[in-house]
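Undergrad: A structural model of the following input is requested.
(6 chains)
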6 protein chains.
Amino acid sequence: MRPSGRTADQLREVSLTTGFARHAEGSCLIRMGGTEVLCAASVEARVPPFLRNTGLGWVTAEYGMLPRATHTRGDREAARGKQSGRTQEIQRLIGRSLRAVVDRAAMGEMSITLDCDVLNADGGTRCAAITGAWVALALAFRHLVKMNVLKTVPLTGQVAAVSCGIAGGDAVLDLDYAEDSSADADSNFVLTDGGGIVEIQATAEKTAFNEAQFQELLNLARKGTAALFALQRQALGD
Amino acid sequence: MRPSGRTADQLREVSLTTGFARHAEGSCLIRMGGTEVLCAASVEARVPPFLRNTGLGWVTAEYGMLPRATHTRGDREAARGKQSGRTQEIQRLIGRSLRAVVDRAAMGEMSITLDCDVLNADGGTRCAAITGAWVALALAFRHLVKMNVLKTVPLTGQVAAVSCGIAGGDAVLDLDYAEDSSADADSNFVLTDGGGIVEIQATAEKTAFNEAQFQELLNLARKGTAALFALQRQALGD
Amino acid sequence: MRPSGRTADQLREVSLTTGFARHAEGSCLIRMGGTEVLCAASVEARVPPFLRNTGLGWVTAEYGMLPRATHTRGDREAARGKQSGRTQEIQRLIGRSLRAVVDRAAMGEMSITLDCDVLNADGGTRCAAITGAWVALALAFRHLVKMNVLKTVPLTGQVAAVSCGIAGGDAVLDLDYAEDSSADADSNFVLTDGGGIVEIQATAEKTAFNEAQFQELLNLARKGTAALFALQRQALGD
Amino acid sequence: MRPSGRTADQLREVSLTTGFARHAEGSCLIRMGGTEVLCAASVEARVPPFLRNTGLGWVTAEYGMLPRATHTRGDREAARGKQSGRTQEIQRLIGRSLRAVVDRAAMGEMSITLDCDVLNADGGTRCAAITGAWVALALAFRHLVKMNVLKTVPLTGQVAAVSCGIAGGDAVLDLDYAEDSSADADSNFVLTDGGGIVEIQATAEKTAFNEAQFQELLNLARKGTAALFALQRQALGD
Amino acid sequence: MRPSGRTADQLREVSLTTGFARHAEGSCLIRMGGTEVLCAASVEARVPPFLRNTGLGWVTAEYGMLPRATHTRGDREAARGKQSGRTQEIQRLIGRSLRAVVDRAAMGEMSITLDCDVLNADGGTRCAAITGAWVALALAFRHLVKMNVLKTVPLTGQVAAVSCGIAGGDAVLDLDYAEDSSADADSNFVLTDGGGIVEIQATAEKTAFNEAQFQELLNLARKGTAALFALQRQALGD
Amino acid sequence: MRPSGRTADQLREVSLTTGFARHAEGSCLIRMGGTEVLCAASVEARVPPFLRNTGLGWVTAEYGMLPRATHTRGDREAARGKQSGRTQEIQRLIGRSLRAVVDRAAMGEMSITLDCDVLNADGGTRCAAITGAWVALALAFRHLVKMNVLKTVPLTGQVAAVSCGIAGGDAVLDLDYAEDSSADADSNFVLTDGGGIVEIQATAEKTAFNEAQFQELLNLARKGTAALFALQRQALGD
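TA: Okay, the predicted model is just below:
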């Protein structure tokens, strides 16, 4: 029995609310249980120096957490004067995950930055950020099509992410903070709606795990992301 | 006629929602028209070095703005590695304003930090932060009373803030971004429910103003804060 | 009776010495009692990016304090690696105050930076900086006229500043450090010789103050700045 | 055919030289083809604050790259004033990987820092760092046993890492820079000699990959680390 | 003939004014021609960690330059967020030079920091800083004797510094900015009144120089510092 | 008798190995006893802003030390976020020393950066860096001649450096760490093969020294650098 009463393969309650960030070209407030991340897409008509004159666009992400999104207050990164290694690791992951489903040549030389800010944290913030950021990105692309800046939405598919772990000896889906902090292994799967693997990060927290266990985690992730893909489409009104 | 259609002495629609930050000892999401600030109070059982062994408590604030809270995306301060002068000025103001209505001896040696994060910006964010932070602070104190950490709520009154300005030659209450960016003078008034002045910041943006104009601004501020005090009490269920 | 033996409406002894910074286009060493600030104006033939091709000039300020300008040595901000919030707040105020009396269109696309460095501190350094910086700025403009870079001095008036406070229950003019650190309320008034208000910053240090008290502070400030305007003209040889 | 002429499952030439860092309690210079990483273990008789009085030891890592370890010179991180996100990501990975085979209770309250500095880079530096750092760590533990600080070496096994990727449509082992920069997928496997998985990081660079491909990568990693485990034992003289 | 009309072995006009920094335990404003440095000594009743419980005192220095001390305005180091290599090099030199004539055991566990701030620069600022800082230090020690904190002044002698260079083929004493910027060689000599050498820094700016030239520079330095030692004693009223 | 058993005028064993940094245009690993510095030259086809359109080239250096190059581990400067004053002082010295033997007009508008990284430290690292960096620079110039970028090697001579000190009352050559940390005086001489003096840095660590002692140090340095010049030529195959 999981602390939350969920079954091993049960996601927390998920909601995707669009339009929360009023000025953004696309935005999505994603809630997965007690985790709440505001994802906002900002379009700029230029690319970083290494892409100039390549005809390719750029999609990148920044990640932050409000100081009191957590049980005890954390330092404000702006006040400390630098982003932690964890923050940088997460924002690089979000950017890579989104780029895996973007046709950057069709996009042309423009940049989209996805700001993913955690308002409330209860485990799985990086996965929630990826799932929500894809919706914000899709909305921004649709906005650009409507404005006649782009002809079609340059997305090759959907991407979503979910965490899985081994807790109490069992493989379980979508860990909350209580499970995450005591899990034997923790993993994040970024998958596409076409069945592809975009990124796997699996870490043994205490002792190494084996291939059979890894396979169970992957199976749970497939199941969880299938539900998330449906919710993404629903949020977009498709 | 104001761009928003409001009369000179009319506040924007205001709402104060408590409990948004789930882990905080007190929190309030304040909306003033298109401006939205999440205020979260965090209690710590120690004071800064300069207050050790004085028997006095400490109340302070930190302020931030999500990068896409504004019309065009701003730099993330954590990524830039420092807080702007504007940010520091605002968070110092919020802290000073709240301390003016706290009995720090009755509070004893503990600290409360008010994190004020702007989710959406449309002018007047520092004033909204003060008004909302007072509610978060009051909730945190009530929580400490309930937990038997404090005997009574060590507040000597309410504090709220509102901006006033001279726009199109007229004194107007509660400027939104469109008015603020073209105003001839801009001012922020931090007042108490007992009629006291906690802080006045009045700045001529283009040309100096005179005492009669200043008096009009102060009168509007009294009117505006009177409404805010009522809303604060209502948010606390009083 | 004030600690210094002055009457409530009496300024400290003030002197304005020009030319102290030998390389600067204009400079003024202002002494107000034990407070001593060196103000130096530097002209550059370009403007910040946001003003390019607007035809407008720029006037800005930087503020610093020598580590042992104060009773006990303070950290050197250059060694600590950042300017404090107080420093940034003050230098923004100085810049705003000066710009209120500059015709930036007549000035054309050039920048003048006023460096205000406190050599000795005994209260009221930001006000002394504004009053002295105006003299340095006027000298720099006269130099540019003499060099045929400008046709006339693009100043629309004089600006000066003075602090007032409520100490021992009474409104008093031009607080020194001893008064400032124990005052009930502290305010800075930036006024023009034409009677205009450029900036008011009034803060209740302990308890809120009322309108009548505020009016007294403003009256003292008018009296104090009247004397400062005369001393500024005298320093310029007018 | 791979650019280097190697077969798909062939490691580059590997050598592990101990004792290069003369002052370190344990050190290993690992060469994998053109990649060369100096790993040095430093013992300190204290633990970070979060471990005080827990009886547990700490093993951590720092990673750096000499500016001209690469084809074109990179910025020196010390001169730029901060470590990149990539650097932090890598050093966190090295630390986690080593801790997975350390019995931190048997170690007691002491810290060991593994400095992994890349002298020459040709792909796979993070994996080489893990494999070499394990040898440096083992040597440091043996030194502590010889000095009678520890009774036995508190290692529960060996850990080594290798990169695998999909290049030109095929799964290949131990990518060099030329392969890495054009691969379709890139992965790092951190495995134990007991067959356990410590960490998997698999990333689709261009398009998502499938499970069958992932399985091939894992099989190659098992083969590659088997060879590395033998070389580690040989370097230790076992 | 030198640009200033001085003979090869002629110092600029030198003055040493004590007491300029009113709060400091000792201070000296040194003027050498157009160079003007304010040196202030601050006493603290503790030593840096590496000296705790050694019974030894510490003397150190910090150096700064007002942004408009120079012909064209330089960046403010506090605003840039770091001290330049030049600044650090100079403040380390000042500290070392002073420590060479201090009996740190007789001083006991206390620290004295010499803040050397350049108000106007015309070459030779580091040498002026050393000569002036010694006076400020001596005054601080005398103050501590008067306060009964120390029994005697723990100085073993005087230290002063002067720059010499090869300009236009000739060895000359006490270079001003015009000479310094075009000199073939530049050197700084820190000497004691007892004839000892504390520090020599000699640098060929364009082409290497020879031993005979070096000897000439040293002879000039002896002559120049002899005059400075007399002025130091005079400033102290000896 | 010296701790190492060397005679007063005896260098430690020196070796200069070229080509260690595989990607660099020129590199040299210099060993002087237990001190080991990797010097790598990087060529770039542009100059810093202050040299643009002057026709002159630029040669500069950066210096670093691996954290465990020393007896006890030092902080990693990249992690601390800034280079120490010592590091900056050394890298400025290396750059100046090399520029003294470069014909920067013949070099044309290009830059060469010498990265000098200490792998193992046992005293005299800055001198070893200069001696080794000259070899790396010479190799880079020869490479540019071979590539037809330059017609001839734009070096006007050789430069090498050695430390000398007064230890146990005697002048000795090439101090190792044990001698250096207890020496009465410490000096670094940068000399050319033509007999010229490029830089002298001589510092009294405890008490001032006299001219006769200084002369002895210089004589030892001439002897030591003569041997180093021969080894440099040998390393280049001349």
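Undergrad: can we go C-alpha only for contacts and neighbour counts from here?
TA: OK.
Undergrad: give me the neighbour count for A:M1.
TA: 9 (other Cα atoms under 10 Å in any protein chain shown).
Undergrad: do the same with the one 10 residues further on
TA: Other residues lying near A:L11 total 23 when counted by other Cα under 10 Å.
Undergrad: in what helix or strand does it lie?
TA: Following DSSP states H and E, one finds A:L11 outside all helices and strands.
Undergrad: repeat that for A:V59.
TA: Assigned by DSSP H and E, A:V59 falls in strand A:58-65.
Undergrad: which helices and strands does that strand pack with?
TA: Counting contacts by 3 or more Cα pairs under 8 Å, 6 or more residues apart in numbering or on different chains; DSSP states H and E, strand A:58-65 packs against helix A:85-99, strand A:111-120.
Undergrad: name every strand pairing with it and say which way it goes.
TA: strand A:111-120 (parallel) (DSSP bridges).
Undergrad: give me the angle between the strand it pairs with and helix A:85-99.
TA: Orientation check (axes from the mean of the first three to the mean of the last three Cα atoms, to 10 degrees): strand A:111-120 against helix A:85-99 gives 130 degrees.
Undergrad: average pLDDT for the helix or strand just after strand A:111-120?
TA: Sequence-wise, the next helix or strand downstream of strand A:111-120 (DSSP H and E) is helix A:125-146. Taken as a whole, helix A:125-146 carries a mean pLDDT of 98.
Undergrad: now stretch A:52-69
TA: Mean predicted confidence for stretch A:52-69 is 97.
Undergrad: ends of it, what's the gap?
TA: Distance across stretch A:52-69, first residue to last, is 38 Å (Cα to Cα, to the nearest Å).
Undergrad: flag every buried residue along that stretch.
TA: A:56-69 (16 or more other Cα atoms under 10 Å in any protein chain shown).
Undergrad: would you format the residues you listed as TSV with distance to B:N219 included?
TA: Output for the buried residues of stretch A:52-69, formatted as TSV (distance: Cα to Cα, whole Å):
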residue	distance to B:N219
A:L56	56
A:G57	53
A:W58	51
A:V59	50
A:T60	48
A:A61	46
A:E62	44
A:Y63	43
A:G64	41
A:M65	40
A:L66	36
A:P67	37
A:R68	37
A:A69	39
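Undergrad: tell me which two of the residues you listed sit farthest apart.
TA: For these, the maximum inter-member distance is 38.5 Å, found between A:L56 and A:R68 (Cα to Cα).
Undergrad: let me see the contact set for A:E44.
TA: Counting by Cα atoms under 8 Å, 6 or more residues apart in numbering or on different chains, A:E44 touches A:M110, A:S111, A:I112.
Undergrad: revised request: answer the last question for A:R142.
TA: A:R142 sits in contact with A:T152, A:V153, where contact means Cα under 8 Å, 6+ apart.
Undergrad: can you tell me how far it is from E:G194?
TA: Where E:G194 is concerned, A:R142 sits at a distance of 83 Å (Cα to Cα).
Undergrad: ok, which stretches of chain A are helices?
TA: A:77-80, A:85-99, A:104-107, A:125-146, A:177-180, A:211-235 (DSSP state H).
Undergrad: can you give me the neighbour number for A:A45?
TA: 10.
Undergrad: and for A:T113?
TA: 21.
Undergrad: surely A:A24 touches A:T18?
TA: No: assessed by Cα atoms under 8 Å, A:A24 is found out of contact with A:T18, at 10.6 Å.
Undergrad: higher neighbour count, those two?
TA: A:A24 (27 against 21).
Undergrad: now do the contacts for the more buried one.
TA: A:A40, A:A41, A:S42, B:R68, B:A69, B:H71.
Undergrad: strands - which of those land there?
TA: Under the assignment DSSP state E, the contacts of A:A24 contribute A:A40, A:A41, A:S42 to strands.
Undergrad: not counting its neighbours along the chain, what's nearest the first one?
TA: Yep, that's A:A40 we're talking about. A:S27 (4.3 Å; Cα to Cα, 6 or more residues apart in numbering or on different chains).
Undergrad: same check on the second one?
TA: In this structure, A:A41 finds its nearest non-sequential neighbour in A:L114, 4.6 Å apart by Cα to Cα, 6+ apart.
Undergrad: tell me what the one you found is bridged to.
TA: A:L114 has these beta-bridge partners by DSSP bridges: A:A41, A:A61.
Undergrad: correct me if wrong: it contacts A:W58.
TA: No: the pair A:L114 / A:W58 is not scored as a contact, 11.0 Å apart, by Cα under 8 Å.
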